[in-house]
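Trainee: Structure of the sequence below:
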Amino acid sequence: MLTSAQVREICGQCSDMTIYRNLRDERADFPRPVYVNRRRYWRADEIEQWWASRSEAAPPSPRSTASNA
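Mentor: The predicted structure is shown next:
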């Protein structure tokens, strides 16, 4: 199980607000946390799968295509 801080680190040092937005946005398909004593925890395998799917689905950045030309 991962804490919120660990999830933010895995997701590229994102903010709590980014996690909140991802949870609210159905298109993001962000894994839902498990609540234990009013604290949020995520399953590590779900976060890793989500991050891998985001990496695969992301279009190439303009910088990487410009440097290859």
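
Trainee: Strands of the protein, residue ranges please.
Mentor: 34-36, 39-41 (DSSP state E).

Trainee: and the first one, what does it pack onto?
Mentor: Taking 3 or more Cβ pairs under 8 Å, 6 or more residues apart in numbering; DSSP states H and E as the contact definition, the neighbouring helices and strands of strand 34-36 are strand 39-41. From N, CA and C alone the C-beta is placed, and that goes for glycine too.

Trainee: ok, and what's touching the strand it packs on?
Mentor: 1-4, 33-35 (Cβ atoms under 8 Å, 6 or more residues apart in numbering).

Trainee: So among the residues you listed, which ones count as buried?
Mentor: Among those, those classed as buried by 16 or more other Cβ atoms under 10 Å are 2, 33.

Trainee: just to revisit the earlier point, closest to residue 20 out of the strands of the chain?
Mentor: With Cβ to Cβ, the closest approach to residue 20 among these belongs to strand 39-41: 10.4 Å.

Trainee: Would you list the strands that the closest one pairs with, along with their directions?
Mentor: The pairing partners recorded for strand 39-41 under DSSP bridges are strand 34-36 (antiparallel).

Trainee: chain center to the strand it pairs with: distance?
Mentor: Offset of strand 34-36 from its chain centre (Cα atoms, centre = their mean, to the nearest Å): 18 Å.
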